[in-house]
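J.: Please work out how this folds:
(chains A and B)
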Number of protein chains: 2
Amino acid sequence: MNRLSLNQWTTRRWSVAEAVDGCVRHGLEAIGLWREHVADHGLEATAALVRSAGLRVSSLCRGGFFSGPDWREQNHRAIDEAAVLEAACLVLVPGGLPAGSRDLAGARAQVAGALAELVPYAAERGVRLAVEPLHPMYCADRSVVSTLAQALDLAPPEVGVVVDCFHVWWDPEVFASIARAGSRIASFQVCDFLDPLPSDVLLGRAMMGDGVIDFRPLRAAVEAAGYTGDIEVEIFNADVWAADPDEVVATMKKRYAELVLG
Amino acid sequence: MNRLSLNQWTTRRWSVAEAVDGCVRHGLEAIGLWREHVADHGLEATAALVRSAGLRVSSLCRGGFFSGPDWREQNHRAIDEAAVLEAACLVLVPGGLPAGSRDLAGARAQVAGALAELVPYAAERGVRLAVEPLHPMYCADRSVVSTLAQALDLAPPEVGVVVDCFHVWWDPEVFASIARAGSRIASFQVCDFLDPLPSDVLLGRAMMGDGVIDFRPLRAAVEAAGYTGDIEVEIFNADVWAADPDEVVATMKKRYAELVLG
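T.: Purely as a prediction, here's the structure:
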């Protein structure tokens, strides 16, 4: 239970101060922060608050979106922020096809090039980059990196990977890819996959137990691969966002114990 | 152009008789039939009509759904129908997780077992089975077979595969898998992938040119792998279904020439 981390988007109504307070109140030791929330509270103030609360920052979400014209500047800024926050990693969501483009191979090559270029900048600041393969239904609009194997192939070896159950559960190669990833696993995230998907497929990320994923084998696999870091719960779901955040965190702890650890 | 086939679901308002007439009127040589439409017209009557019109039956949709309790009987019936229709293949959509189940590995093993069991029944009737990997967003509800590589691994070598651009375009391994599939490619289907997806993700299958897929490299790959069969256009899309079917077929021919062959 001491490895359970609240990804801030799960309780997105909460400000940084409310989320930190919520983590402490519910006995959590780690939090996954989002740059938007951090900016609202102030970068240095957030770093000080989290430190004084005794919380680990399991990840900072997010950099990436390498098809944008200002990707370099945006990602340098995200790396700088991750350094100040002493985040365990900076999550990179690669981005989809450029508007109007059908050149998938080109977009993937662009991601590989951008990741390679960011490695020294991140290393100088002690920040661990973690590229996140997203479910293939987001290939066009959010991530041309669609499988864990592809992320491992495409990113330089210094770049870690995020294993998010929602994105990888369907993959026939997921257990082989997790084993292959080994020490490159920089983050492990859990949330369930709704069936049927809601009308906005981005919001199909549900509380554990409300969908179709069997979490235990995935947790066992990342642990067998050597991952000992925090386990983040990151939910995008209209019902969860509408609920009382304190109840969401209480449910999250219960379901995590039953369905992820159990 | 003589390999272009109208999958009947693209003009689903048309009965078998109207679709056969439409194919002839628009100079198409092949049609992909659906069992529901065939049942409405009568099996033997459909076979006679298609034959007298000089059309090839590029596929019969569909068998599969191996998680259902009556999968064996249902698939025997579908094989019998494909034999009468002299379809080039019977498309098998494997089915998702059984209701309430999270046992993905078990569901996949069940599909492998069912396919192996159907091989002799199909062979005795001269019917070619073709398993269709579906996009991973349908893993829970429609197909636990999510990639072409997985279909090739899981099905006996006598079972062919359907390469449907909509389902495979995102796959980083798709070109390698097509090359590996070789003579097992039993059907090649085209339709575009909408971005953003509509609220019912089943209806994200669009007219070529309305989405994000680059078709030519995929067509070239299946041809390099030795596929010389028909190329079916299978669209599930509310706007296409609402349009005049004759206009749909005219647009289909134009887009096919420009974007698939061109």
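J.: tell me which strands and helices the host helix or strand of residue A:33 is in contact with?
T.: Assigned by DSSP states H and E, residue A:33 belongs to strand A:30-34. Under the contact definition 3 or more Cβ pairs under 8 Å, 6 or more residues apart in numbering or on different chains; DSSP states H and E, strand A:30-34 sits against strand A:4-7, helix A:16-25, helix A:43-52, strand A:56-64. To be clear about C-beta, it is placed using only N, CA and C from the backbone, and glycine gets the same treatment.
J.: what are the bridge partners for the residue positioned nearest the centre of chain A, then?
T.: Note on chain A: the residue nearest the mean C-alpha position is residue A:91, at 5.6 Å, using Cα atoms, centre = their mean. Per DSSP bridges, the residues bridged to residue A:91 are residue A:61, residue A:130.
J.: can I assume it is in contact with residue A:65?
T.: No - using Cβ atoms under 8 Å, residue A:91 makes no contact with residue A:65, being 11.6 Å away.
J.: would CSV of the helices and strands packed on strand A:30-34 with mean neighbour count and mean pLDDT be doable?
T.: CSV is the format used below for the helices and strands packed on strand A:30-34 (neighbours: other Cβ atoms under 10 Å in any protein chain shown; pLDDT from 0 to 100):
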stretch, mean neighbour count, mean pLDDT
strand A:4-7, 27, 98
helix A:16-25, 19, 98
helix A:43-52, 15, 98
strand A:56-64, 26, 98
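J.: Tabulate the ones you listed in TSV, adding columns for distance to residue B:158.
T.: Output for these, formatted as TSV (distance: least, Cβ to Cβ, whole Å):
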stretch	distance to residue B:158
strand A:4-7	47
helix A:16-25	56
helix A:43-52	60
strand A:56-64	44
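J.: For residue A:196, which of those is the nearest?
T.: The closest of those to residue A:196 is strand A:4-7. By Cβ to Cβ, the value is 24.0 Å.
J.: and stretch A:232-244, what's its mean pLDDT?
T.: If you average the pLDDT over stretch A:232-244, you get 97.
J.: quick one: contacts of it?
T.: Here stretch A:232-244 makes contact (Cβ atoms under 8 Å, 6 or more residues apart in numbering or on different chains) with A:4-7, A:9-10, A:12-13, A:30, A:32, A:58-59, A:61, A:164, A:187-191, A:194, A:198, A:202-208, A:248, A:252, A:256.
J.: buried ones in that stretch?
T.: Residues A:232-237, A:240-241 are the ones in stretch A:232-244 that count as buried (16 or more other Cβ atoms under 10 Å in any protein chain shown).
J.: what about it, start to end distance?
T.: Taking Cα to Cα, to the nearest Å, stretch A:232-244 runs 19 Å from one end to the other.
J.: ok, now stretch A:128-146?
T.: Stretch A:128-146 has its terminal residues 21 Å apart, counting by Cα to Cα.
J.: Rounded mean pLDDT for that stretch, please.
T.: Mean pLDDT, computed over stretch A:128-146, is 98.
J.: which residues sit in contact with residue A:250?
T.: If you count contacts by Cβ under 8 Å, 6+ apart, residue A:250 has them with residue A:26.
J.: Confirm that it sits in a helix.
T.: Yes - Residue A:250: assigned to a helix according to DSSP: H, G, I helix; E, B strand; the rest coil.
J.: Select from the buried residues of stretch A:232-244 every entry located in helices.
T.: The members of the buried residues of stretch A:232-244 that map onto helices under DSSP state H are A:240-241.
J.: so which of the buried residues of stretch A:232-244 comes closest to residue B:25?
T.: Nearest to residue B:25 among the buried residues of stretch A:232-244 is residue A:236, at 48.3 Å by Cβ to Cβ.
J.: Spatially nearest residue to the closest one (excluding sequence neighbours)?
T.: Spatial nearest neighbour of residue A:236, chain neighbours left out: residue A:205 (4.2 Å); criterion: Cβ to Cβ, 6 or more residues apart in numbering or on different chains.
J.: and that neighbour, backbone torsions?
T.: phi -90, psi 110 (degrees, to the nearest 10).
J.: what number of residues lie near it?
T.: Residue A:205 has 28 neighbours, counted by other Cβ atoms under 10 Å in any protein chain shown.
J.: my guess is it meets residue A:165, correct?
T.: No - with contact defined as Cβ under 8 Å, residue A:205 does not reach residue A:165; the gap is 9.7 Å.
J.: Common neighbours of those two, please.
T.: Residues touching both residue A:205 and residue A:165 by Cβ under 8 Å, 6+ apart: A:191-193.
J.: Derive a ChimeraX selection command for the buried subset of those residues.
T.: Those of the shared contacts of residue A:205 and residue A:165 that count as buried under 16+ other Cβ under 10 Å are selected in ChimeraX with:
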select /A:191,192,193
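J.: Just give me the neighbour total for the closest residue to residue A:26 other than its chain neighbours.
T.: Nearest non-adjacent residue to residue A:26, counting by Cβ to Cβ, 6+ apart: residue A:249, 4.9 Å away. By the criterion of other Cβ under 10 Å, residue A:249 has 23 neighbours.
J.: who's in contact with residue A:249?
T.: Neighbour list for residue A:249: A:6, A:11, A:22-23, A:26, A:28 [criterion: Cβ under 8 Å, 6+ apart].
J.: Out of those residues, the closest to chain B would be?
T.: The shortest approach to chain B among those belongs to residue A:6, at 24.0 Å (Cβ to the nearest Cβ).
J.: So what pairs up with that closest one in the strands?
T.: Beta-bridge pairing of residue A:6 under DSSP bridges involves residue A:31, residue A:233.
J.: pretty sure it is in contact with residue A:32, am I right?
T.: Yes - counting by Cβ under 8 Å, residue A:6 touches residue A:32, with 6.9 Å between them.
J.: ok, which stretches of chain A are helices?
T.: Ranges of helices within chain A are A:16-25, A:35-41, A:43-52, A:71-85, A:104-124, A:148-154, A:165-168, A:174-181, A:215-224, A:238-242, A:245-255, based on DSSP H.
J.: got the residues of the stretch 51-200 of chain A near chain B?
T.: Proximity of the stretch 51-200 of chain A to chain B (Cβ under 8 Å from any Cβ of the partner chain) is limited to residues A:96-97, A:102-104, A:108, A:135-137, A:139-141, A:146-147, A:149-150, A:153, A:169-172, A:193, A:195-197, A:199-200.
J.: any idea how far residue A:26 is from residue A:87?
T.: From residue A:26 across to residue A:87, the span is 21 Å (Cβ to Cβ, to the nearest Å).
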